[in-house]
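> missing the sequence, but the structure's below:
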């Protein structure tokens, strides 16, 4: 912080929108409900390894004390190929608003996340009126590959999570040769991959516990407060005419 009154050397800063970070605002209130985690996965195949991984992770999250909901994209139309009132779109958006954290799991297709996973995110507008359906929520990313281990899908999902203004945790999971890692019933076999999935889910719950209740403060931005102040000033000016 500059000497003096703090803003004397910052003539281009709008004082009304400038806030010094306050540790007291970062102390999460005690919430009596379990951490709410929404899980999305990017495959519609009958034997889907991304779905198997999602289900395995859901069991772990519940063991860690979270409440879990899984969105199944079967029947979800392509973005802009149906109105926002489509039942699957409404289901997805309601789950987004319910969640405090999310897990995105995708197979790697042609070196990228799947279209099924991306379509789910594309149905979520960044601003929804005054509500941002994803901003401030925690996020964990995982992928499955048919061949050797790769990180293309998780890296893309990290970029997407940043764009959706989410708090993406440091850890992640990439399961190589996924067809070898699950039994006939779709349960994940013991392995270092499985151990990493446990790590990721544990970390997600911890970050969600820290983040929930204060995510609005964490994602409050000077530029947006400045814009809001300008709009308020404009409305007040119009009323005085």
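Sure, I can see it. Since the model is a prediction, treat every value here as computed from it, not as a measurement.

> So in the protein, which helix runs the longest?
If you go by DSSP state H, the chain has its longest helix at helix 192-211.

> where's the longest strand seen in the chain relative to the chain centroid, distance-wise?
Secondary structure of the chain per DSSP state E: the longest strand is strand 101-109. Taking CA atoms, centre = their mean, to the nearest Å, one finds the center of strand 101-109 at 10 Å from the center of the full chain.

> What of stretch 223-238?
29 Å.

> Which pLDDT value goes with residue 3?
Per-residue confidence at residue 3 stands at 44 (pLDDT).

> Now do the contacts for the residue nearest the centre of the chain.
Nearest residue to the geometric centre of the chain (CA atoms, centre = their mean): residue 139, 3.9 Å. When contacts are counted by CB atoms under 8 Å, 6 or more residues apart in numbering, residue 139 touches 101, 102, 103, 104, 161, 166, 167, 168, 169. In short, each C-beta sits where N, CA and C put it, glycine included.

> would TSV of these with pLDDT be doable?
What follows is these, written out as TSV (pLDDT from 0 to 100):
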residue	pLDDT
101	97
102	98
103	98
104	98
161	94
166	93
167	94
168	96
169	97
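
> Please indicate which of those has the highest neighbour count?
In terms of neighbour count, residue 104 stands highest of the contacts of residue 139 at 29 neighbours, by other CB atoms under 10 Å.

> wait, it sits on residue 114?
No: with contact defined as CB atoms under 8 Å, residue 104 and residue 114 do not form a contacting pair (10.6 Å).

> quick one, strands of this protein?
Counting by DSSP E, the strands of the chain are 36-41, 67-71, 101-109, 112-113, 138-144, 167-168, 173-175.

> Can you tell me which of those is most buried?
Comparing the strands of the chain by mean neighbour count (mean count of other CB atoms under 10 Å), strand 138-144 ranks first with a mean of 28.

> Adjacent strands (with direction) for it?
Applying DSSP bridges, strand 138-144 is found paired with strand 101-109 (parallel), strand 167-168 (parallel), strand 173-175 (parallel).

> wait, doesn't residue 172 sit right on residue 150?
No: counting by CB under 8 Å, residue 172 sits too far from residue 150 to count as a contact (12.0 Å).

> These two: which has the busier surroundings?
Neighbour comparison, residue 172 and residue 150: the larger count goes to residue 172, with 20 against 16 (by other CB under 10 Å).

> mind checking how far that one is from residue 117?
Look at residue 172 and residue 117: by CB to CB, to the nearest Å, they are 15 Å apart.

> same question, residue 95
15 Å.

> For those two, work out which one has more neighbours and name it.
residue 117 (27 against 18).
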